[in-house]
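**Student:** here's a sequence, model it:
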Amino acid sequence: MGIVTAACAAYASLAAWLWLTFAQGMFWRTDVRLPPRTAPARWPSVAIVVPARDEAEVLPRSLPSLIAQDYPGAAEVVLVDDGSTDGTGELARRLAAEHPGLPLTVVSPGDPAPGWTGKLWALRHGIAIARTAHATEPDFLLLTDADIAHEPDSLRELVAAATSADLDLVSQMARLRVVGLWERLAVPAFVYFFAQLYPFRRVNRSSARTAAAAGGCVLLRTGAAVRAGVPDSIRQAVIDDVSLARAVQRAGGRIWLGLAERVDSVRPYPALADLWRMVSRSAYAQLRHQPLLLAGTVAGLALVYLVPPAALLGGLATGHPAVAWPGGLAWLLMAGTYLPMLRYYRQPVALAPLLPFTALLYLLMTVDSAVQHYRGRGASWKGRTYARPSDA
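**Tutor:** Next up, the predicted model:
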């Protein structure tokens, strides 16, 4: 009976990988980059809004890149100092004085109102400032995190893509830092898993039901933001980027999501604990704090990622090819679909067979996220803990 069960699990895992490889929007391909674009006849105005809380460590590598944007139209930067205790606001002003370029305004919204997450409260304040600072409000808003560095032509290319394809939201998944051992193991997999959940090609279809964005770099038409009522309509969202994309899509907006070539995260995650906190702070929120969804996710991760190596190695060890070969083929499909992401991150192909180990880490992080929630710590980030939306 044990062999039959093992064989059934191995075949089920293989079936799952055949479906993922060929029917899940080709999620594993990494060629979804900014759509074809030409320069508009008139470059629209843009306000760059940067929420920042205790970002003094990364700001010297990111903020100058925004101030130095080579943009033909009117543009400005609004940095929202969200209750920082490390001198983020003062540092931003000093960096602006040292790096001439786009004008910078530094503002502080105070503590979030009840029912708001800190980032969205900061974005609300920054967007309001940007829309009322001049006689006419900006045509576009670039919402970008304080740890994201942009090449000088980043804004120009984003706007050209939005205007050429008549898009209301253009988002690029910034290339995350990959330096240390744990970053090499976990970061490419993080983007791979995200693309598996939200296949970029499906997001980018004009009739798509799948909606997602990457919160580090989102160009948004101001009119689309008004129609969608954002950020007010998503004020409780911990997974704010996906919620933003859904709100814009529901309001009739056209969205686009792809991988970045010239937008990079400079935030380091040198230790496993750093990556663990990054994932576990919001993983259970992604599952809407539902125990059944958590159980299904754990079971699904085990079947898809852990069964293949266990079936192959166990089948070979016990002399049962009916268990070994489907497990081996599933593992091969897993590693093969991971290779493009490893190449995108310029990592050795030898890391591909280690994806089951990385998936196990993410499984444990997700379980830990739920444990922290039920201990009353909820989604926590930089000294703030957020209740589930129904409790906020």
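**Student:** from now on I want contacts and neighbour counts done on CA atoms only, so please keep to that.
**Tutor:** OK.
**Student:** mind telling me what element the residue most central in space within the chain is part of?
**Tutor:** The residue lying closest to the centre of the chain (C-alpha atoms, centre = their mean) is A214, at 4.0 Å. For A214, there is no enclosing helix or strand under DSSP states H and E.
**Student:** that one and Y344: what is the separation?
**Tutor:** A214 is 17 Å from Y344, where distance means C-alpha to C-alpha, to the nearest Å.
**Student:** which residues of the stretch 251-392 of the chain fall in helices?
**Tutor:** Using DSSP state H, counting those that start in this stretch, the helices of the stretch 251-392 of the chain run over 272-280, 283-286, 291-301, 307-318, 321-344, 355-374.
**Student:** can you put the ones you listed in JSON lines and add mean pLDDT, distance to G258 and mean neighbour count?
**Tutor:** Putting the helices of the stretch 251-392 of the chain into JSON lines (pLDDT from 0 to 100; distance: least, C-alpha to C-alpha, whole Å; neighbours: other C-alpha atoms under 10 Å) gives the following:
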{"stretch": "helix 272-280", "mean pLDDT": "92", "distance to G258": "21", "mean neighbour count": "16"}
{"stretch": "helix 283-286", "mean pLDDT": "86", "distance to G258": "20", "mean neighbour count": "22"}
{"stretch": "helix 291-301", "mean pLDDT": "96", "distance to G258": "25", "mean neighbour count": "14"}
{"stretch": "helix 307-318", "mean pLDDT": "97", "distance to G258": "29", "mean neighbour count": "20"}
{"stretch": "helix 321-344", "mean pLDDT": "98", "distance to G258": "13", "mean neighbour count": "21"}
{"stretch": "helix 355-374", "mean pLDDT": "95", "distance to G258": "22", "mean neighbour count": "20"}
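**Student:** reformat those as a markdown table; add distance to D264.
**Tutor:** What follows is those, written out as a markdown table (distance: least, C-alpha to C-alpha, whole Å):
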| stretch | distance to D264 |
| --- | --- |
| helix 272-280 | 17 |
| helix 283-286 | 23 |
| helix 291-301 | 29 |
| helix 307-318 | 33 |
| helix 321-344 | 13 |
| helix 355-374 | 22 |
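**Student:** report pLDDT for R388.
**Tutor:** In the predicted model, R388 carries a pLDDT score of 51.
**Student:** for the nearest residue to A10 once chain neighbours are set aside, what are its contacts?
**Tutor:** Nearest non-adjacent residue to A10, counting by C-alpha to C-alpha, 6 or more residues apart in numbering: G327, 5.1 Å away. Listed by C-alpha atoms under 8 Å, 6 or more residues apart in numbering, the contact set of G327 reads 10-11, 13-14, 307-312.
**Student:** try it again with 7 Å
**Tutor:** G327 sits next to 10, 14, 307-309, 311-312 when contact means C-alpha atoms under 7 Å, 6 or more residues apart in numbering.
**Student:** can you redo those residues as JSON lines with distance to V371?
**Tutor:** Below are these laid out as JSON lines (distance: C-alpha to C-alpha, whole Å):
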{"residue": "A10", "distance to V371": "30"}
{"residue": "L14", "distance to V371": "31"}
{"residue": "V307", "distance to V371": "25"}
{"residue": "P308", "distance to V371": "27"}
{"residue": "P309", "distance to V371": "28"}
{"residue": "A311", "distance to V371": "30"}
{"residue": "L312", "distance to V371": "32"}
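**Student:** for A41, state which of those residues is nearest.
**Tutor:** L14 (51.8 Å; C-alpha to C-alpha).
**Student:** tell me the contacts of the residue nearest to the centre of the chain?
**Tutor:** If you count contacts by C-alpha under 7 Å, 6+ apart, then A214 has 171-173, 241 around it.
**Student:** counting neighbours, which of those comes out on top?
**Tutor:** Within the contacts of A214, S171 tops the neighbour count with 28 neighbours, counted by other C-alpha atoms under 10 Å.
**Student:** what pLDDT, on average, does the helix or strand hosting that one get?
**Tutor:** Using DSSP H and E, S171 maps to strand 169-175. Mean per-residue pLDDT for strand 169-175: 98.
**Student:** for that strand, C-alpha coordinates in PDB please.
**Tutor:** The C-alpha trace of strand 169-175 is given here as PDB (Å, rounded to 0.1, in the frame of the first residue of the first chain):
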ATOM      1  CA  LEU A 169      -0.600  50.900 -15.100                       C
ATOM      2  CA  VAL A 170       2.900  49.800 -16.100                       C
ATOM      3  CA  SER A 171       4.800  47.800 -13.500                       C
ATOM      4  CA  GLN A 172       8.300  46.300 -13.600                       C
ATOM      5  CA  MET A 173       9.500  43.600 -11.200                       C
ATOM      6  CA  ALA A 174      12.800  45.200 -10.100                       C
ATOM      7  CA  ARG A 175      15.900  43.000 -10.300                       C
END
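**Student:** which strands or helices does the next helix-or-strand element following that strand pack on?
**Tutor:** The helix or strand immediately downstream of strand 169-175 is helix 181-197, counting by DSSP H and E. Counting contacts by 3 or more C-alpha pairs under 7 Å, 6 or more residues apart in numbering; DSSP states H and E, helix 181-197 is packed against helix 321-344.
**Student:** need the pLDDT of F200.
**Tutor:** 97.
**Student:** can you check S207 too?
**Tutor:** 84.
**Student:** now swap in R375 and tell me
**Tutor:** Note for R375: predicted pLDDT of 85.
**Student:** over to V230: give its phi and psi.
**Tutor:** phi -90, psi 150 (degrees, to the nearest 10).
**Student:** and it, what is it in contact with?
**Tutor:** Counting by C-alpha under 7 Å, 6+ apart, V230 makes contact with nothing.
**Student:** then L102?
**Tutor:** Counting by C-alpha under 7 Å, 6+ apart, L102 makes contact with 67-68, 75-77.
**Student:** if you count neighbours, what's buried in the longest strand belonging to the chain?
**Tutor:** Determined from DSSP state E, the single longest strand within the chain is strand 255-265. For strand 255-265, a neighbour-count test (16 or more other C-alpha atoms under 10 Å) marks 255-261, 263-265 as buried.
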